[in-house]
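Q: no sequence on this one, just coordinates:
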């Protein structure tokens, strides 16, 4: 199991959290399985940016972002060089520290087109 530290988020986990995840699982699934209700408006199909996270530690252990993910990330609020879509980032066996941005751009509910 891989340890994932989630930094405090005002709504999703105000105190922060430490969870364990099976390697091979997406970060999004790991969060959801541990009660952290990260938004995933496109049902994890890499068609929105609602599951955007910033990987503060351990990003090198994740699978590389594919072109579609990188294109979607360009639309994310608060984009940083170590940003990933949690539905596309696959957990390995290296501990991670992640931050869930305070805001998200929900392209589905806000009526934006892909």
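A: That came in fine, so what should we check first? Just so it is clear, the structure is predicted and the values come from calculations on it, not from any experiment.
Q: Contacts only, for residue 65.
A: Residue 65 makes contacts with 73, 84, 85, 88, 89, as judged by CB atoms under 8 Å, 6 or more residues apart in numbering. All C-beta atoms are positioned from the backbone trio N, CA, C, and that covers glycine.
Q: One more pass at 10 Å, please.
A: Going by CB atoms under 10 Å, 6 or more residues apart in numbering, residue 65 touches 46, 71, 72, 73, 83, 84, 85, 88, 89.
Q: and those residues, which are buried?
A: 46, 72, 73, 83, 84, 85, 88, 89 (16 or more other CB atoms under 10 Å).
Q: and the residue most central in space within the chain, how far is that from residue 15?
A: Nearest to the geometric centre of the chain sits residue 86, at 2.7 Å (CA atoms, centre = their mean). To residue 15, residue 86 is 20 Å away according to CB to CB, to the nearest Å.
Q: Residue 15 contacts residue 36, doesn't it?
A: No - Residue 15 is beyond contact range of residue 36, at 11.5 Å (criterion: CB atoms under 10 Å).
Q: Need the residues touching each of these two.
A: Common contacts of residue 15 and residue 36 (CB under 10 Å, 6+ apart): 6, 9.
Q: Which one of those two is surrounded by more residues?
A: Per other CB atoms under 10 Å, whichever of residue 15 and residue 36 has more neighbours is residue 36, with 19 against 7.
Q: before we move on, what SS does the more buried one have?
A: Secondary structure for residue 36, judged by DSSP: H, G, I helix; E, B strand; the rest coil, is coil.
Q: again, but for the one 4 residues further on
A: Secondary structure for residue 40, judged by three-state DSSP, is coil.
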